[in-house]
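J.: coords below, sequence missing:
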């Protein structure tokens, strides 16, 4: 510390904080002798991120004991796991949250919250110097420094410790294995890679069946390993063999298909991707185009007016349903993960009377940015799916044709998300707002521009608000420039250190500041301009600077939904006119219901 009002600190760099500080060169050599790493070509990796560097910095060895919960269904994944020795059990049947030690996060008390609100710091964006740079004292835990599971589990789960790492054990593990459906994975098997690559929730709970040694690979390292074409091909092959049948089973339409038939469906299913995973790089250009030009620039998966050849299931990303209308297009729906395209036409064609002509596809399906899909041939659908589908999962006219209505009341699969306001739907997809899980929407008919929402946000975030009360508008609605907690958070893609993290339980996307290098990649990647880079200081207002260059140290700042506050988002709680809401736009129903209440 000097007397110039500046504190010089070393600027964080890539791999300053390895995933496992105890990973040694001998550990790396051991991993290089094991598959799949033994067959990888070191020349396939850039000099700045060599294979040995990935293994040493983006991986960690983890020993697990029998009954230990490794990953929980529903938690957001940020890493994949390779079984090196022993075995783990994938629990197919969902387990109750309390059995897995899952609890709601505990916010600060109202007393602490009020103290923070009424006694804000004297200077904006203050930090303790020791919290700004990485401290290599952690030997276990997640990349964000948190325990691998809830710290205080329910009575049905038991908190334990393995090699200094807090974890959760399932007390009745043996009974779960015997009573439920499980899949055992042994040495060489990989799990968790789909959730890691698509930044999505885990689809199954995995528990150590016997003592096991795992290699955990955070998603940044997994993405780098895919630079080797052989490794990328092995990932797809493993997915088809191990996980595709499970993911097909999760689709409500296929939930009642017998196992032998489901295996035939999986064997015939093809995997396709359209668009770019890093779709944000094209977004600013595309949003300046007219709706017709933007749609024509979106990759076409299948065209309207054609005989359907495949039932299409969305695995990741978003798809737009639209049809030609005059000189342009009319958007009729958008589809997300687990939804299907072509069901009505394919089912009708399979059950229609012989004197009735077949139906063609009524809409185009286009990739909105990035779209990953599963394609099931119509012949397989007719032979292995349709005879076993619950009739309530089919359109009413198809059930009538099959003369097999059960009359039961169950929730049908959302084949298409229709909306009464076509112009609003067009607008949401045009601006890619359908990516938002918690978008900030203001009803301008109620908003008085008092800015209480901005003031409350600033009070909870070191004097600087995490949003701007501005943004694109449609009629009476304003979609504010605040982090939407995206379904597909592309800000995470380019972060070189993994500082942009998603909470495993809540799904809230935040910044792990000690390893944020201030490069601004996330701010540039955010297609909605919802991340800012801020210069920071200590509690006395002294600027924190880089030791070498003397330049100010910056950190990424974004909305975190006031995740630790008892009131939830302060902006919503502070609005005196009920003009503001945080709402899920990944489907249209929540917004429609909110608007209906206000009409």
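T.: Sure, I can see it. These numbers were taken from a predicted model, which means no experiment stands behind them.
J.: Now do the helices in the stretch 301-450 of the chain.
T.: With DSSP state H, counting those that start in this stretch as the criterion, the stretch 301-450 of the chain has helices at 343-351, 378-380, 396-402, 422-430.
J.: and the first one, average pLDDT?
T.: On average, the pLDDT along helix 343-351 is 89.
J.: which helices and strands sit right next to that helix?
T.: Contact partners of helix 343-351 among helices and strands, from 3 or more C-beta pairs under 8 Å, 6 or more residues apart in numbering; DSSP states H and E: helix 378-380, helix 396-402. Quick note: C-beta positions are derived from backbone N, CA and C, even for glycine.
J.: Where among the ones you listed is average confidence lowest?
T.: helix 396-402 (a mean of 65).
J.: residue ranges with poor pLDDT in this structure?
T.: Along the chain, the parts satisfying pLDDT under 70 run over 1-4, 11-14, 93-122, 133-159, 171-172, 176-180, 397, 399-422, 494, 599.
J.: quick one, longest strand in it?
T.: Ranked by residue count, the top strand of the chain under DSSP state E comes out as strand 310-325.
J.: Just the buried positions in that one, please.
T.: 310-322 (16 or more other C-beta atoms under 10 Å).
J.: what's the closest of those to residue 344?
T.: Distance to residue 344, by C-beta to C-beta, is smallest for residue 311 among the buried residues of strand 310-325, at 10.6 Å.
J.: gap between the closest one and residue 275?
T.: Note on residue 311: its distance to residue 275, by C-beta to C-beta, to the nearest Å, is 20 Å.
J.: same question, residue 356
T.: As for residue 356, its distance to residue 275 is 36 Å (criterion: C-beta to C-beta).
J.: So which of these two has more stuff around it?
T.: Taking other C-beta atoms under 10 Å, residue 356 and residue 275 do not tie; residue 275 has more neighbours (20 against 11).
J.: pretty sure the more buried one is touching residue 319, no?
T.: No - using C-beta atoms under 8 Å as the test, residue 275 is too far from residue 319 to be in contact (9.8 Å).
J.: what do the two both touch?
T.: Residues touching both residue 275 and residue 319 (C-beta atoms under 8 Å, 6 or more residues apart in numbering) are 367, 368, 371.
J.: Show me where the stretch 51-200 of the chain has its strands.
T.: Here the stretch 51-200 of the chain has its strands, by DSSP state E, counting those that start in this stretch, at 59-64, 69-71, 79-85, 88-91, 157-162, 165-170, 182-185, 190-191.
J.: Now do the last one: distance to the chain's middle.
T.: Read that as strand 190-191. Centre-to-centre, strand 190-191 and its host chain are 18 Å apart (C-alpha atoms, centre = their mean, to the nearest Å).
J.: Who are the packing partners of that strand?
T.: Applying 3+ C-beta pairs under 8 Å, 6+ apart, one finds that strand 190-191 contacts strand 79-85.
J.: report the angle between the axes of the strand it packs on and strand 59-64?
T.: Interaxial angle, strand 79-85 versus strand 59-64 (axes from the mean of the first three to the mean of the last three C-alpha atoms, to 10 degrees): 60 degrees.
J.: Please identify the buried residues of strand 79-85?
T.: Residues of strand 79-85 classed as buried: 79, 80, 81, 82, 83, 84 (neighbour count, 16+ other C-beta under 10 Å).
J.: can you list contacts of that strand?
T.: Against strand 79-85 from outside (C-beta under 8 Å, 6+ apart): 34, 61-62, 70-71, 88, 143, 185-193, 196, 206, 212-219, 222.
J.: redo that, cut-off 7 Å
T.: 34, 70, 185-193, 196, 212-219, 222 (C-beta atoms under 7 Å, 6 or more residues apart in numbering).
J.: Filter those residues down to the ones in helices?
T.: 193, 196, 219, 222 (DSSP state H).
J.: Let me know the closest of these to residue 251.
T.: Checking the ones in helices among the contacts of strand 79-85 against residue 251 with C-beta to C-beta, the nearest one is residue 193 at 19.8 Å.
J.: Neighbours of the closest one, how many?
T.: Residues within reach of residue 193, counting by other C-beta under 10 Å, total 22.
J.: Tell me how far it lies from residue 439.
T.: Applying C-beta to C-beta to residue 193 and residue 439 gives a distance of 29 Å.
J.: ok, now residue 447?
T.: In terms of C-beta to C-beta, residue 447 sits 16 Å off from residue 439.
J.: the more surrounded of these two?
T.: For residue 447 versus residue 439, neighbours defined as other C-beta under 10 Å are more numerous around residue 439 (26 against 18).
J.: what's near enough to touch the spatially closest residue to the more buried one that is not a sequence neighbour?
T.: Closest residue to residue 439 apart from its sequence neighbours, by C-beta to C-beta, 6 or more residues apart in numbering: residue 484 at 4.4 Å. Each residue near residue 484 by C-beta under 7 Å, 6+ apart is listed here: 435, 436, 437, 438, 439, 528.
J.: let's go with 8 Å and repeat that
T.: By C-beta under 8 Å, 6+ apart, the residues touching residue 484 are 433, 435, 436, 437, 438, 439, 440, 528, 530, 585.
J.: before we move on, the earlier item: let me have the ones in helices among the contacts of strand 79-85 in a markdown table, extended by distance to residue 427.
T.: Shown next, in a markdown table, are the ones in helices among the contacts of strand 79-85 (distance: C-beta to C-beta, whole Å):
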| residue | distance to residue 427 |
| --- | --- |
| 193 | 35 |
| 196 | 33 |
| 219 | 32 |
| 222 | 36 |
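J.: Please name the bridge partners of residue 486.
T.: Beta-bridge partners for residue 486, by DSSP bridges, are residue 436.
J.: Helix, strand, or coil at residue 507?
T.: Following DSSP: H, G, I helix; E, B strand; the rest coil, residue 507 is assigned to coil.
J.: Look up how far residue 542 lies from it.
T.: Taking C-beta to C-beta, one finds residue 507 at 36 Å from residue 542.
J.: Not counting sequence-adjacent ones, nearest residue to residue 192?
T.: Distance criterion C-beta to C-beta, 6+ apart; nearest residue to residue 192, sequence neighbours excluded, is residue 80 at 4.4 Å.
J.: give me the beta-bridge partners of the one you found?
T.: Beta bridges link residue 80 to residue 217, judged by DSSP bridges.
J.: What lies in contact with stretch 48-61?
T.: Stretch 48-61 is contacted from outside by 15, 18-20, 23, 25, 27-28, 31-32, 37, 40, 42, 45, 84, 213-218, 220-222, 224-225, using C-beta under 8 Å, 6+ apart.
J.: let's go with 6 Å and repeat that
T.: The contact list for stretch 48-61 (C-beta atoms under 6 Å, 6 or more residues apart in numbering) reads 15, 18-20, 23, 28, 31, 42, 45, 215-218, 220-221, 224.
J.: quick one, which residue of the chain lies the farthest from its center?
T.: Ranked by distance from the centre of the chain (C-alpha atoms, centre = their mean), the top residue is residue 355, with 47.1 Å.
J.: Give me the phi and psi for that residue.
T.: phi -90, psi 0 (degrees, to the nearest 10).
J.: Please apply the same query to residue 266.
T.: Main-chain dihedrals, residue 266, degrees, to the nearest 10: phi -60, psi -40.
J.: give me the number of residues near it?
T.: For residue 266, the neighbour count with other C-beta under 10 Å is 21.
J.: dump the residue contacts of it.
T.: Shown in contact with residue 266 (C-beta under 6 Å, 6+ apart): 244, 245, 248.
J.: ditto for residue 483
T.: Taking C-beta under 6 Å, 6+ apart, we find residue 483 in contact with 530, 558, 559.
J.: again, but for residue 452
T.: Contacts of residue 452 by C-beta under 6 Å, 6+ apart are residue 574.
J.: of the helices of the stretch 301-450 of the chain, which approaches residue 265 most closely?
T.: Nearest to residue 265, of those and by C-beta to C-beta, is helix 378-380 at 5.8 Å.
J.: Right, I'll leave it there.
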